[in-house]
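Trainee: need a structure here:
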Amino acid sequence: MRTFVTSDKMIDYPVPQLTSEKKRTAPAFVLRLQVTKPADRAGTDYAFLVARNLKIQLESLTVAYGYTYLDPETGEHRQTSGEIRYADADINRSNFIVCRINDANTVLSNGFRVRVTEAVGEDGTKYVFGDGDFLADTENDRPLRYSYAGENVPAPKSETAPAPKKEKQKKAKKPVSRLAHTLIALAAVLAGLLVACLLVFAVFFGFHYIMYNYLMPEADALVVAGRQDLAEDYVDRYLANNYFFRMYRDEVTGTVEDLAEEGRLNEAYAISKNAPFVSLTNKVAAKALEDALARKDYREAYAYASSLDADYADLVARSAAAHLAGDDGSEWNEEAASVAMKAKDPEVSDLVTHDLALWYWNRGEKAHAKAAVQKIADESLRAEWEELFRQEEFAAVLETKDTAYILAYLDAHENVPERDGFLAEYRGRRYEEYVGAGEWQKAFAYAAEYGFDTAELVNDPAIVREALGEAYFLQSPAQMRRYHAETVSAADMIVSVQNGKVSWVDGGKVLSVSNAVSVSAGEYVTSILLNDGSVRVYANRAAGNALTAPSAFETDFIAASQKLKNVVAMSSGERHTAYLHADGTVTVIGENDYGQADTARWTGIVAIAAGRRFTAGLKSDGTVVACGSNASGQCDVECFRNAVDIRACSQSLVILFRDGTLAVAGDRSMGLADAETLSDVEEIRARQTSLIARMKDGTFRMCGGPAEGSNGSVSEWRDVLDFAVGDGFVCRQSLSGSVYSNGENVPVNP
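Mentor: Numbering: from 1, shown residues only. Predicted structure coming up:
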């Protein structure tokens, strides 16, 4: 308010104020009135401060005034009034507007009235204020005063006639005494001293006045430049003891404090902001901040806080963050959020962002929630959200119940919680889907890749027919061994596997081997396949109590067999045994007089059969190869296709096809040709001149030479785990593991 100082004599007065209801919507109102009597003129200057509502941009402003003045010529009181219309281009660039009535008629008397009567906003809105919009004098916080600078209002002239003048009587002069001379001299000295004092005071005040007017523009320039802090430091450094500055400071401080006390914080802040007192501005801003927070006006609070230090701004942001969801929690408080997000403290902004993301999440707006989370600075908090997103995303993937899609998602996302468990579960489901759909090639491939047990599949001849081919080599060696496993075998003795253990009678003693998978009994030696792919070979002994020493053939055979590795299937011929390896190659141990052991070049073999002096192999493509004696045409097998299993008789080869039919190559006598009349065959066993076939309906049929005796026929077999053909007899192993046999020359059961 320093800008109001234009002379030595001035005083401020309050003016009539708008009612509280009108004041909230008013674009502007008169704040204070200042009356100044210039020293060089007889008239009076009137200046009044109009405070603006910064939220309303103005096009024009009209202020009406009226006052009573004393006519110097007639000595009578007269009334005058007028209007000032303010439409300068800078009307919206300041927090307040100074209007002036320069060189009015005379000193104020009997009151002065000034008020905003009309304002026009930039949007065309017109605001008009009448007498009823202002408080009465008795309702003002402070009574109006109409005296000027302490002077009393001149009394009106009396209407009564003036009293007659009395004539002055001349008095006689008295002589001046010595005392009078002394008093006159003393008075002269005192007058000199007074003049000296006045001179000192004149110098003092003149110096202060000059310094004040010289230095204050610098402070004002700093304020205008937005460096109120530097302006305050400047005046504290150079004007702290200046008489006129102290008067100015006290005036501004008093005005601001009075306005703040009245609750007119916006006006107080506007005045303090334009003075070089940042401490005063901070004080008003802090109080206005508290008031705005109490009213939950976060934008206004943050506007005040922004003029303070960061702690205040974060205080407002934290308070705003506490009200993000509104009082009832139903709707998002955008204003509070926008303020809270301005916090310089990352913890506050992260808290707001977290709450915003949570609010979106609860409303089902997942995309908005994810976008909000990306703005979180705290890595651990963001990681928690991202984990929630992953869980939600994975839950949605699981909802599809599409096993292939779920597995693809798991393969692409290594950070899925309990991923290994889900992979195991859905790979199992995928494997079961392949099995359920009969996609055997895929089932075996999947089992080979992920280690599923295909024992149930390889024990089902119907599946073998469909899936033997390339699927065979997708199995593990252990699965291949289970596929080829024969738990009972017979030649001139019966050997069986029960619970992984092979037992037989040798010279009156019971011998046994553990960890067995399959057995193959030959005429001279018996081979036992173990879980690890190795083979144990034992020489066959004559039944009875006397031990028979092994022959050189048997000894050499046993020694050679100890080198076998990774064996998956065996087939015993007359004096040789074929061993199938997991890689599809075949090793033959024993005699090779007819080339029955010439299998070194065989590859891709999935099944083997050894007869008398010949060996046959089934390839993965369903074709058959053979080597050795071809006396009966048993090696003429090039024409066969789509085979799924082969078995050897003495001089015959029986082939099982995918469609469940059979073919016989070689010797077809003794009724073996009848095998080609069978259909719906699932599994076959053969030896010498006999063949047993398990049918799809679970029954058994036999073709070829006599091997059944009076103890029953294969047609009566039930609950059979495995079966075999011996030399003139047949045998079967029940589901419980027990072995039963019937026919001629039946040996002692193990």
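Trainee: Using CSV, write out the CA atom coordinates for stretch 686-695.
Mentor: The C-alpha trace of stretch 686-695 is given here as CSV (Å, rounded to 0.1, in the frame of the first residue of the first chain):
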residue,chain,number,x,y,z
ALA,A,686,4.4,-118.9,-31.1
ARG,A,687,7.0,-121.7,-30.9
GLN,A,688,7.7,-124.9,-32.7
THR,A,689,4.6,-125.4,-34.8
SER,A,690,2.0,-123.8,-32.5
LEU,A,691,0.5,-120.3,-32.3
ILE,A,692,-1.8,-118.8,-29.6
ALA,A,693,-3.7,-115.6,-30.3
ARG,A,694,-5.5,-113.3,-27.8
MET,A,695,-8.6,-111.8,-29.5
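Trainee: Which element, helix or strand, includes residue 381?
Mentor: Here residue 381 sits within helix 379-399, counting by DSSP states H and E.
Trainee: tell me the angle whatever helix or strand comes next after that helix makes with helix 379-399.
Mentor: The first helix or strand that comes after helix 379-399 along the chain, using DSSP H and E, is helix 403-412. Orientation check (axes from the mean of the first three to the mean of the last three Cα atoms, to 10 degrees): helix 403-412 against helix 379-399 gives 160 degrees.
Trainee: Past helix 403-412, which element shows up next along the chain?
Mentor: helix 419-436.
Trainee: which strands and helices sit next to that following helix?
Mentor: Using 3 or more Cβ pairs under 8 Å, 6 or more residues apart in numbering; DSSP states H and E, the elements in contact with helix 419-436 are helix 403-412, helix 440-450. All C-beta spots, glycine's among them, are computed from the backbone N, C-alpha and C.
Trainee: mind exporting it as PDB, just the C-alpha atoms?
Mentor: The C-alpha trace of helix 419-436 is given here as PDB (Å, rounded to 0.1, in the frame of the first residue of the first chain):
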ATOM      1  CA  ARG A 419       4.800 -72.800 -12.500                       C
ATOM      2  CA  ASP A 420       6.400 -76.200 -12.200                       C
ATOM      3  CA  GLY A 421       3.200 -77.600 -10.600                       C
ATOM      4  CA  PHE A 422       1.000 -76.100 -13.300                       C
ATOM      5  CA  LEU A 423       3.300 -77.400 -16.000                       C
ATOM      6  CA  ALA A 424       3.200 -80.900 -14.600                       C
ATOM      7  CA  GLU A 425      -0.600 -80.800 -14.200                       C
ATOM      8  CA  TYR A 426      -1.400 -79.400 -17.700                       C
ATOM      9  CA  ARG A 427       1.200 -81.500 -19.400                       C
ATOM     10  CA  GLY A 428      -0.500 -84.500 -17.800                       C
ATOM     11  CA  ARG A 429      -3.900 -83.200 -19.100                       C
ATOM     12  CA  ARG A 430      -2.400 -82.700 -22.600                       C
ATOM     13  CA  TYR A 431      -1.100 -86.200 -22.600                       C
ATOM     14  CA  GLU A 432      -4.500 -87.500 -21.500                       C
ATOM     15  CA  GLU A 433      -6.100 -85.400 -24.200                       C
ATOM     16  CA  TYR A 434      -3.900 -87.100 -26.800                       C
ATOM     17  CA  VAL A 435      -4.700 -90.500 -25.400                       C
ATOM     18  CA  GLY A 436      -8.400 -89.700 -25.200                       C
END
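Trainee: who's in contact with the closest residue to residue 657 other than its chain neighbours?
Mentor: Excluding the flanking residues, the one nearest residue 657 by Cβ to Cβ, 6 or more residues apart in numbering is residue 642, at 5.2 Å. Residue 642 makes contact with 622, 657, 658, 659, according to Cβ atoms under 8 Å, 6 or more residues apart in numbering.
Trainee: Walk me through the domains of this protein.
Mentor: What the record gives for the chain is the domain set 2-139, 400-455, 476-743, from automatic domain parsing.
Trainee: can you tell me the distance between the two ends of the second one?
Mentor: For domain 400-455, the first-to-last residue distance is 31 Å (Cα to Cα, to the nearest Å).
Trainee: Format the contacts of residue 642 as a markdown table; extra columns: secondary structure.
Mentor: What follows is those, written out as a markdown table (DSSP: H, G, I helix; E, B strand; the rest coil):
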| residue | secondary structure |
| --- | --- |
| 622 | coil |
| 657 | strand |
| 658 | coil |
| 659 | coil |
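Trainee: rewinding a little: from the domains of the chain, which stretch is densest packed?
Mentor: Across the domains of the chain, averaging neighbours per residue (mean count of other Cβ atoms under 10 Å) puts domain 476-743 on top, at a mean of 19.
Trainee: Bridging across strands, which residues link to residue 730?
Mentor: residue 725, residue 742 (DSSP bridges).
Trainee: any idea how far it lies from residue 664?
Mentor: Computed as Cβ to Cβ, to the nearest Å, the residue 730 to residue 664 distance reads 19 Å.
Trainee: same check, this time on residue 442
Mentor: In terms of Cβ to Cβ, residue 442 sits 34 Å off from residue 664.
Trainee: Next, the contact list for residue 375, please.
Mentor: With Cβ under 8 Å, 6+ apart, residue 375 has these contacts: 349, 353.
Trainee: Checking it next. Helix, strand or coil?
Mentor: Applying three-state DSSP: residue 375 is coil.
Trainee: roughly how far apart are it and residue 390?
Mentor: For residue 375 relative to residue 390 (Cβ to Cβ), the value is 19 Å.
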